[in-house]
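*Asks:* Generate a structure from the sequence data that follows.
(chains A and B)
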Number of protein chains: 2
Amino acid sequence: MSVARVRVACAQIAPTVGDLRGNRILAREAVRQAVATGARFVVLPELVTSGYVLESEEEARSCAEPADGPALRGWAEEAAAGDAVVVGGFCELGADGLLFNSAAVVDSGGVLAVYRKIHLWDREELFFEPGSEPAPVVETSVGRIGVGVCYDLNFPEVVRSLALAGADLVALPANFPLHPRPEGERPIEVTLAMATAHLNRVFLAACDRCGPERGTEWVGGSVICDQLGWVLAGPPAGLGPELVVADCDLARSREKAWNERNDALGDRRPGLYRLGDRAPTA
Amino acid sequence: MSVARVRVACAQIAPTVGDLRGNRILAREAVRQAVATGARFVVLPELVTSGYVLESEEEARSCAEPADGPALRGWAEEAAAGDAVVVGGFCELGADGLLFNSAAVVDSGGVLAVYRKIHLWDREELFFEPGSEPAPVVETSVGRIGVGVCYDLNFPEVVRSLALAGADLVALPANFPLHPRPEGERPIEVTLAMATAHLNRVFLAACDRCGPERGTEWVGGSVICDQLGWVLAGPPAGLGPELVVADCDLARSREKAWNERNDALGDRRPGLYRLGDRAPTA
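*Replies:* Alright, predicted model coming up:
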């Protein structure tokens, strides 16, 4: 399947922790708005259904729902209005009763794929099982979508794997906690997004959240990078809600050549990397 | 062996293509100057002995020398003045008569290791054999030094491998060709350096060159990043020669924990990456 120019939107919004019903409406509204601006591809933040700073496994469970629950159904219904594809994070109740920090790829027909985050951050391990399947690349009507979640961005192995599997665009629902940074510097997450896009020659759309939650503030680092790593849109200047929008010519992601002799993926020398177990550092 | 605070210098200089004798003096002078400012660790650019924009295999051969030749002996002699360690790029004549784009780690005792660049850029393949050994980590008097060269930075697998092997500081001799970039943006190579340092929690010192050569201009992107990815020094404002200097507390590179639950290397899930062969992208 060929790919074309597509309007991509990251809906940086402010879910409320524990408010399953309110967050459903909020996310659905955000997808509707993005589709109304012509976006064919919409990214929502990580755990947009539940909020992030959960206090207990019980609270997490109280706002978890299965992939075929009402939240994702709502995204699918909004996607239908513009033949759009939505990737967003949700607090998943698995069929086995376990909870996962997941991201779903949804179109008008429903859920195309669910990815369960494989690198859990900090207290997430108190509530969530880590995923046991690689991050996926999903064929959609807008192109091949690779999916990662937040801290996955710290593992270049993830987006490299997605690029090798043919992703045209990598979607990264995120909740980036705010840390101090040197004055005048961009959030490091934006730097990671740019570098990752560049060295894989792949478009990347990271959707962060906003709205302080139980004392945690967020970077508000939603950003869309082109396949050379340059920022097409975002991050928003303020720390509030914003729809970050860019038109992405996804066909560019399939051009991996830097010049007539070099290829971003083809030049790899897997036999000369040592990516197995870690050596002792003490 | 423990590591401590060390002054690191990148000597961004302007070799002249083909001028083996002149470049020897220039590089030696640069190491002397760096050591005089108190640097215990000095990085020189890629191919500093030969220049970069070579025209033919014959020209490359005419300015190649073995690792035990006079150029690297000169670095060792200058290193002795300050018990320093030098990493620099040179046009290597192998014992087998083949040419390599190599980097050497040198101290007062001579050459500790030679790394032959494994990812060749553009016309380099016309003159040089690609290396057939992984990028190394070398025990030195200042700490464990990982080595890569220029385009290796586009392969996160390289520095990840070096970090896994226990590198405290990654040295990257480079010749970054200048490409257009959006106004106000840093060179993408600086972004790659920052991201790479951050996600491996390792210090990184990239030493670029300057001085246009046969129509090719250079980024002048010498930069020293700390283990969180923040820029400690560089890149120089102009495109000229400059000594980029920063004091680096290398012990920080051995702290891989982000918090009490997360570890930059320990959180990896190698079984869930797909870093083998590339899928067809057509």
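
*Asks:* Show me the shaky parts of chain A.
*Replies:* Scanning chain A for pLDDT under 70 picks out A:1, A:277-282.

*Asks:* Could I get the full set of helices for it?
*Replies:* Secondary structure of chain A (DSSP state H): helices at A:20-36, A:57-62, A:70-80, A:124-127, A:156-164, A:188-200.

*Asks:* Output those helices as a markdown table; include the columns mean neighbour count.
*Replies:* Backbone N, C-alpha and C define where each C-beta goes, glycine included. Converted to a markdown table, these look like this (neighbours: other Cβ atoms under 10 Å in any protein chain shown):
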| stretch | mean neighbour count |
| --- | --- |
| helix A:20-36 | 19 |
| helix A:57-62 | 15 |
| helix A:70-80 | 21 |
| helix A:124-127 | 18 |
| helix A:156-164 | 25 |
| helix A:188-200 | 27 |
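
*Asks:* Turn those helices into CSV, columns for distance to residue B:167.
*Replies:* Formatted as CSV, the helices of chain A follow (distance: least, Cβ to Cβ, whole Å):
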stretch, distance to residue B:167
helix A:20-36, 43
helix A:57-62, 38
helix A:70-80, 43
helix A:124-127, 28
helix A:156-164, 16
helix A:188-200, 19
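
*Asks:* out of everything not next to it in sequence, what's closest to residue A:169?
*Replies:* Spatial nearest neighbour of residue A:169, excluding adjacent residues (Cβ to Cβ, 6 or more residues apart in numbering or on different chains): residue A:203 at 4.4 Å.

*Asks:* need the contact list for the one you found.
*Replies:* By Cβ atoms under 8 Å, 6 or more residues apart in numbering or on different chains, residue A:203 lies in contact with A:8, A:168-170, A:197, A:224-227, A:248, A:250, A:252-253.

*Asks:* Closest to residue B:77 out of the residues you listed?
*Replies:* Comparing those against residue B:77 with Cβ to Cβ places residue A:197 closest, at 44.3 Å.

*Asks:* Contacts only, for that closest one.
*Replies:* A:170, A:203-204, A:225-229.

*Asks:* The most centrally placed residue in chain A pairs with what?
*Replies:* By Cα atoms, centre = their mean, chain A has its centre lying nearest to residue A:172, at 1.6 Å. Counting by DSSP bridges, residue A:172 forms beta bridges with residue A:206.

*Asks:* Next, count neighbours for the residue in the stretch 1-150 of chain A that chain B sits nearest to.
*Replies:* For the stretch 1-150 of chain A, the residue closest to chain B is residue A:134, as judged by Cβ to the nearest Cβ, at 4.7 Å. The number of residues packed near residue A:134 is 18, by other Cβ atoms under 10 Å in any protein chain shown.

*Asks:* Pop out the phi and psi values for it.
*Replies:* phi -60, psi 160 (degrees, to the nearest 10).

*Asks:* In contact with the closest residue to residue A:45 other than its chain neighbours, which residues?
*Replies:* In space, and not counting its chain neighbours, residue A:45 is closest to residue A:209: 3.8 Å by Cβ to Cβ, 6+ apart. Going by Cβ under 8 Å, 6+ apart, residue A:209 touches A:12-15, A:45-46, A:48, A:52, A:174-175, A:218, A:220.

*Asks:* again, 7 Å this time
*Replies:* A:12-15, A:45, A:175, A:218 (Cβ atoms under 7 Å, 6 or more residues apart in numbering or on different chains).

*Asks:* So which of the residues you listed sit within strands?
*Replies:* The strands, defined by DSSP state E, take in residue A:12 from those.

*Asks:* Would you mind listing which of the contacts of residue A:209 are buried?
*Replies:* The neighbour-count test (16 or more other Cβ atoms under 10 Å in any protein chain shown) marks A:12-15, A:45, A:175, A:218 as buried among these.

*Asks:* Residue A:134 touches residue B:272, doesn't it?
*Replies:* Yes: counting by Cβ atoms under 7 Å, residue B:272 is a contact partner of residue A:134 at 4.7 Å.

*Asks:* Near chain B, which residues of the stretch 1-150 of chain A? Just list them.
*Replies:* Along the stretch 1-150 of chain A, the residues adjacent to chain B under the rule Cβ under 7 Å from any Cβ of the partner chain are A:118-119, A:121-122, A:125, A:134.

*Asks:* And the furthest pair within these?
*Replies:* Across the residues of the stretch 1-150 of chain A next to chain B, no pair lies farther apart than A:122 and A:134, at 22.5 Å, counting by Cβ to Cβ.

*Asks:* What's the local residue count around residue A:141?
*Replies:* Neighbour count for residue A:141, taken as other Cβ under 10 Å: 16.

*Asks:* er, residue A:83 I mean
*Replies:* 12.

*Asks:* Count the residues that sit near residue A:257.
*Replies:* 13.

*Asks:* Distance-wise, check it relative to chain B.
*Replies:* Distance from residue A:257 to chain B, counting by Cβ to the nearest Cβ, to the nearest Å: 11 Å.

*Asks:* what does residue A:272 give?
*Replies:* Taken as Cβ to the nearest Cβ, the span from residue A:272 to chain B is 5 Å.

*Asks:* Next up, the contacts around that residue.
*Replies:* Residues B:118, B:134 are the ones in contact with residue A:272 under the rule Cβ under 7 Å, 6+ apart.

*Asks:* mind redoing it with 8 Å?
*Replies:* B:118, B:131-135.

*Asks:* Most widely separated two among those?
*Replies:* B:132 and B:135 (11.9 Å).

*Asks:* who has more neighbours, the two?
*Replies:* residue B:135 (29 against 11).

*Asks:* Wait, the more buried one touches residue B:147, no?
*Replies:* Yes: with contacts counted by Cβ atoms under 8 Å, residue B:135 reaches residue B:147, the gap being 5.8 Å.

*Asks:* Find residues that contact each of these two.
*Replies:* B:115, B:162.

*Asks:* my guess is residue A:256 contacts residue A:266, does it?
*Replies:* Yes: contact criterion Cβ under 8 Å: residue A:256 and residue A:266 qualify, at 6.7 Å.

*Asks:* Out of those two, name the residue with the larger neighbour count.
*Replies:* residue A:256 (18 against 9).

*Asks:* Look at residue A:5 and say how many residues are nearby.
*Replies:* 11.

*Asks:* Show me what it is bridged to.
*Replies:* Beta bridges link residue A:5 to residue A:249, judged by DSSP bridges.

*Asks:* give the contact list for it.
*Replies:* Contacts of residue A:5 by Cβ under 8 Å, 6+ apart are A:247-251.

*Asks:* before we move on, back to that, spit out the residues that contact residue A:134 and residue B:272 alike.
*Replies:* residue A:118.

*Asks:* that older thread, distance check, the residue nearest to the centre of chain A against residue A:117.
*Replies:* Distance of residue A:172 to residue A:117, given as Cβ to Cβ, to the nearest Å: 11 Å.

*Asks:* Now for these two: what residues contact both?
*Replies:* Contacts common to residue A:172 and residue A:117, judged by Cβ under 8 Å, 6+ apart, are A:149-150, A:152.

*Asks:* With neighbour count added, can I get those residues in CSV?
*Replies:* As requested, these are exported to CSV (neighbours: other Cβ under 10 Å):
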residue, neighbour count
A:149, 29
A:150, 28
A:152, 26
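
*Asks:* could those go into CSV alongside distance to residue B:89?
*Replies:* Shown next, in CSV, are the shared contacts of residue A:172 and residue A:117 (distance: Cβ to Cβ, whole Å):
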residue, distance to residue B:89
A:149, 39
A:150, 37
A:152, 34
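
*Asks:* Relative to residue A:101, which of those residues is nearest.
*Replies:* residue A:149 (6.5 Å).

*Asks:* what about stretch A:224-237, start to end distance?
*Replies:* Taking Cα to Cα, to the nearest Å, stretch A:224-237 runs 14 Å from one end to the other.
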